[in-house]
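Peer 1: Next comes the sequence, and after it the predicted model I'd like to discuss.
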Amino acid sequence: MARIFSVGGQNITLAGAVTAVFINPPAAPSVGIRLLRAWAQQAGNATSAQTRIQLVTQVTAFPTLTSATPAKMMRHDPNVAVITGGTAGAAGTAGINASAEGAGTKTVINEYSFNNLNGFEWLPTAKEVIELAAGMASGLGLYFPAAPGILTGWGFGLTYEEI
């Protein structure tokens, strides 16, 4: 049975050019992640502006985050996520809205530009799915490479499957 979870936040004030969401698979070879969806939207005001966003991997040192516990998408699943909430970006943790980015190298997988009033949603085709295996020593992030013009009222997230 597929085990699908979502990590994100709503009505968040961004700290600037930040990692909005970061998920790091466990270190032990047990469970990896397959990214199924990424999204971001802004409801802070009605001023139209283009915004850049990236899907990235990052190696240590990881961002400093606000802990975020993955939510079950399949409500009947009796199990909780293997990945838990955490603030250090460590293996097996997830967090949102980085207050510091860490010195680890970010590798851009995809970059997009979107209008903040329309929002951003990435739904990969079967051949575009991003997977990170357990023990890879890198995490997956949804990252704003430049601070959006409006920092208030953001919602964002990543939906993933444990594999």
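Peer 2: All right, it came through fine.

Peer 1: For the residue lying closest to Ala71 once chain neighbours are set aside, which residues are in contact?
Peer 2: Among residues not flanking Ala71 along the chain, Ser6 sits closest, at 5.1 Å (Cβ to Cβ, 6 or more residues apart in numbering). The way it works is simple: take the backbone N, C-alpha and C, and place the C-beta from them, glycine included. Going by Cβ atoms under 8 Å, 6 or more residues apart in numbering, Ser6 touches 70-71, 73, 157-160.

Peer 1: mind listing what's buried in the helix or strand harbouring Phe5?
Peer 2: Per DSSP states H and E: Phe5 is located in strand 3-12. By neighbour count with 16 or more other Cβ atoms under 10 Å, strand 3-12 contains the buried residues 3-9, 12.

Peer 1: re earlier: between the contacts of Ser6, which has the most around it?
Peer 2: Tyr160 (29 neighbours; other Cβ atoms under 10 Å).

Peer 1: Local confidence estimate at the most centrally placed residue in the chain?
Peer 2: The chain has Val21 as the residue nearest its centroid, 3.0 Å off, counting by Cα atoms, centre = their mean. Per-residue pLDDT puts Val21 at 98.
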